[in-house]
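A.B. asks: Quick one, structure for this:
(chains A, B, C and D)
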Protein chains: 4
Amino acid sequence: MNAEIKILKPFTPNELTLVVGLPGMAYIGKLSVDYLIQQLKADLFGEVYSMHFPPYVIIKEDGLVELLRNELHSFKDEAGRDIVFLSGNSQAFSPEGQYSVSEAVLDWAIENGVKRVYSVAALVTERQFDVPKVFATATSAALLEEAKSRGAEALDHGLIGGENGLIIGLARKKNVEAACLLAETHGYQAPTGEYVIDPRAAKAALNVLTQILGVEVDMEPMEKQAIEMDEAFAKMAEIERRVREEMTQSGKKPSYVT
Amino acid sequence: MNAEIKILKPFTPNELTLVVGLPGMAYIGKLSVDYLIQQLKADLFGEVYSMHFPPYVIIKEDGLVELLRNELHSFKDEAGRDIVFLSGNSQAFSPEGQYSVSEAVLDWAIENGVKRVYSVAALVTERQFDVPKVFATATSAALLEEAKSRGAEALDHGLIGGENGLIIGLARKKNVEAACLLAETHGYQAPTGEYVIDPRAAKAALNVLTQILGVEVDMEPMEKQAIEMDEAFAKMAEIERRVREEMTQSGKKPSYVT
Amino acid sequence: MNAEIKILKPFTPNELTLVVGLPGMAYIGKLSVDYLIQQLKADLFGEVYSMHFPPYVIIKEDGLVELLRNELHSFKDEAGRDIVFLSGNSQAFSPEGQYSVSEAVLDWAIENGVKRVYSVAALVTERQFDVPKVFATATSAALLEEAKSRGAEALDHGLIGGENGLIIGLARKKNVEAACLLAETHGYQAPTGEYVIDPRAAKAALNVLTQILGVEVDMEPMEKQAIEMDEAFAKMAEIERRVREEMTQSGKKPSYVT
Amino acid sequence: MNAEIKILKPFTPNELTLVVGLPGMAYIGKLSVDYLIQQLKADLFGEVYSMHFPPYVIIKEDGLVELLRNELHSFKDEAGRDIVFLSGNSQAFSPEGQYSVSEAVLDWAIENGVKRVYSVAALVTERQFDVPKVFATATSAALLEEAKSRGAEALDHGLIGGENGLIIGLARKKNVEAACLLAETHGYQAPTGEYVIDPRAAKAALNVLTQILGVEVDMEPMEKQAIEMDEAFAKMAEIERRVREEMTQSGKKPSYVT
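C.D. replies: Numbering: from 1, shown residues only, chains lettered A, B, ... in the order given. The predicted model follows:
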């Protein structure tokens, strides 16, 4: 089971676009794509399993247990074109595993006539901003222009790690047009090492992505999540500022403020 | 030798149930299943070898040496139904290895008409308890109810790592009903990193499991082990309490108490 | 995609010599070979992809994105003999990966009648020098003599890690003559862990390599880079010297000077 | 090239015994087997290559370079029976690699009618001794008795890591009789992490092994090495003793004595 796509119901895509958002830094890709699946009421038609996923099973609220996996949902737009979303609770861990899983899904998409591939990822920055920028990189100047015309700024250097980037590189190698949208984030991590989700960044990425895909979704719920997170971050920053002030006055280094 | 099942004697299972208990945290799964094999005088009929097991050989009391491996024992209950136990001294280490070995055994079971799969694992908690609870997760509501009716409490979140969990997730993917029983434990580790066995937890898991399997075993020996371990833990806790008392009085931090 | 050579245009080598310079310590191999490709205006005819490369995609100045990969360029010398350069932005990470990729390229070369294989690597030393020496090791006394006659000094012990060395060892196993030139370097690393490039060492290696290959290239640009780097290193050494002086006088250990 | 045996000259073993000594703790196995190869003037007839060996090439005194590899040497005893020695400068690193290489050599031996397999390893102990004991473990009581009759003491618990142990476990699985001799050693490591060789232990192991194999070798050179090493260890222990004395007197903990 190097990487196996289990098709749950017959589905013959028309003018296929593949959109990828797997868990990564600040969960921006996952948040964006899960939100689209939910808002568009996309239809689950396939599951992706792999021996390269971390060897864990996850327990759901209903007490049922399942392997870590990726999912394929489909949505048919007004013009009858299908968008397939690749989402999930896991990425493979090793290089060989990440290549295997990304390639398995991309090859399925190619066999089904995929025209375009888009993915969403994070760009970690220390820059202070009110609204996070969205950056883009693509396999062709045409797709880069498309992203720029929708509000993204072209990158001119850098590396993207993980499957959200790899699948775009594989698309280039297989002559499929693809682009990756990267939303700015500070990439906070909880003391456990877990990433803090960034709905503000996901919303920014979605602004660009929905225009590219030509779909409309209600951004209110996402905006609500973003406002709550903004408030949480602001409180955290305020506490940090006061602690550093007190410490500077007392001469001690605030060693417990991470 | 990705994962190889070496059948030692012919065995055609009837109405097969597979019960899995491989070494993991606090060795609860291993302890429970090894105890059943011993008490039920289950019959060794197969060995599982894999290049994914840690590359060690183990020396037995009689001076003979063998590869790390898993074993398959069978027991025929009063109704003529076969229970096969998967036990052993090892799990594979890598994700690919854990998937390979779990899948090899599960596929053998499926080829032999397996109806149900059960496994036993640990749930590490800091909660203080007199009697450890047993929790459950399953591939279907029906199997979850079965476990609940036998004294387990359904989980509603979490992850289970290792083959004891993975084989249940694989069962779900292959449409075989399965459940995992998790006994509470504090998961003590010796200074070497080795887990301290928890017979109290194993006994709790066995209470539920034997009812589910419809077998009866003498729990006295296990209870004796549990009492000895309870006493050892109590002594340890008493020593810790006294040391902390003395240290608090003297003002020093008890740095050597782990 | 264990290791895949994607041929972009038909190319039938004549009297083939393979020259290898993949990224490694101080990037000496990469710098040397990239310089030759550029100076000789070698022609890109192939790309090497592998699931064993780190799972990253790289963004170029034009905003376009691509997988990490190796490249094959060809140059026909005055006598009509072809030199093929293996260069790139990546090496595989695992032993199996490094073997797979090196072997894939070497086997392609053997299928195309390769006569000789050369690679360039680094020899990290603490020795103070004005001009870095170039050392050599080879698969035969004849090729070692050839390198010595061009200014290299034979090594008599040591290990070379990575594909720049591995491909020479594989050549020996497959009865192809090969040699590795190792230029001395101090192997500085930036605080991020990234190697600082060493054009002085690359130039020294190129002095020997161009003679062996019988090609002439303009070394001015490389000399300019080397002079700039020499100045940067000299400034760094001066600062270090002054800081240590001040610290010795004040009695404190210069803990922040790396 | 999962694991490849390159046969250099035709060789048809008669009544084959395989003796294994790959590099491991204190290099006891390697030292013992290399010594036998040298003393018996065993004939090199095969090389073992693997993508699982660390990806390094090694440079010899003559300046020539080669892959890390294992070697097969043969010796025909007075009765016309062949002993094949597996030696080398490397072991595979991953579990899968260690299994692959061990199994490739063992399968070759089985195809060539192997009757017995012996290996030599280390048993690290803190016990103070004048003469290191030799312990044994085997696949059968008969082979254990054989080792005991030649001066070894049977083990009754423990684990052996690495190919020197693994090949014995694989032999048992494939129904070939095998035994491992483990010589006591303190397992000193240089500050670099490299093991210090222990010729005293190798000599002890050879005392037993040569009797089992029915061969006679001159132990003088090995005894000389052992005496030199004993003297080096004694000096080291004396220095440690004096330092601890001084430190105890001054009240400070000898933090720099490892």
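
A.B. asks: Next, the buried residues of stretch A:155-162.
C.D. replies: Across stretch A:155-162, burial judged by 16 or more other Cβ atoms under 10 Å in any protein chain shown covers A:Leu155, A:Gly158, A:Ile160, A:Gly161, A:Gly162. C-beta here means a position set from N, CA and C on the backbone, and glycine is covered the same way.

A.B. asks: Wondering if that stretch reaches chain C at all.
C.D. replies: Yes - Stretch A:155-162 lies within reach of chain C by Cβ under 8 Å from any Cβ of the partner chain, at A:Leu155, A:Asp156, A:His157, A:Gly158, A:Leu159, A:Ile160, A:Gly161, A:Gly162.

A.B. asks: Could you pull up the residues touching the fourth one?
C.D. replies: A:Gly158 makes contacts with A:Leu123, A:Thr137, C:Ile58, C:Ile59, as judged by Cβ atoms under 8 Å, 6 or more residues apart in numbering or on different chains.

A.B. asks: now do 7 Å
C.D. replies: C:Ile59 (Cβ atoms under 7 Å, 6 or more residues apart in numbering or on different chains).

A.B. asks: ok, now how distant is it from A:Ala171?
C.D. replies: From A:Gly158 across to A:Ala171, the span is 18 Å (Cβ to Cβ, to the nearest Å).

A.B. asks: The residue in the stretch 1-150 of chain A that chain D sits nearest to - how many residues pack around it?
C.D. replies: Nearest to chain D, among the residues of the stretch 1-150 of chain A, is A:Ser94, at 11.5 Å (Cβ to the nearest Cβ). Here the number of neighbours of A:Ser94 (other Cβ atoms under 10 Å in any protein chain shown) works out to 18.

A.B. asks: Give me the phi and psi for the closest residue in space to it that isn't next to it in sequence.
C.D. replies: What sits nearest to A:Ser94 in space, not counting adjacent residues and going by Cβ to Cβ, 6 or more residues apart in numbering or on different chains, is A:His52, at 6.4 Å. The phi and psi torsions at A:His52 (degrees, to the nearest 10) take the values phi -90, psi -10.

A.B. asks: wait, doesn't A:His52 sit right on B:Gly97?
C.D. replies: No - contact between A:His52 and B:Gly97 fails when scored by Cβ atoms under 7 Å: they sit 11.2 Å apart.

A.B. asks: For A:Ile107, the count of nearby residues, please.
C.D. replies: Actually, residue A:107 is Asp. It isn't Ile. Neighbour number of A:Asp107 under other Cβ under 10 Å is 15.

A.B. asks: Same check on A:Asn207?
C.D. replies: Quick note: A:Asn207 (other Cβ under 10 Å) scores 18 neighbours.

A.B. asks: and A:Gly165, which of the three is it?
C.D. replies: Secondary structure state of A:Gly165, per DSSP: H, G, I helix; E, B strand; the rest coil, is helix.

A.B. asks: gap between it and chain B?
C.D. replies: 21 Å (Cβ to the nearest Cβ, to the nearest Å).

A.B. asks: list the contacts for that residue?
C.D. replies: Contacts of A:Gly165 by Cβ under 7 Å, 6+ apart are A:Ala121, A:Cys180, C:Tyr56, C:Val57.

A.B. asks: Mind checking which of the residues of stretch A:155-162 next to chain C are in strands?
C.D. replies: A:Leu159, A:Ile160, A:Gly161 (DSSP state E).

A.B. asks: Now the last one: closest residue in space that isn't a chain neighbour?
C.D. replies: Spelled out, that is A:Gly161. Excluding its sequence neighbours, the residue lying closest to A:Gly161 (Cβ to Cβ, 6+ apart) is C:Tyr56, at 5.0 Å.
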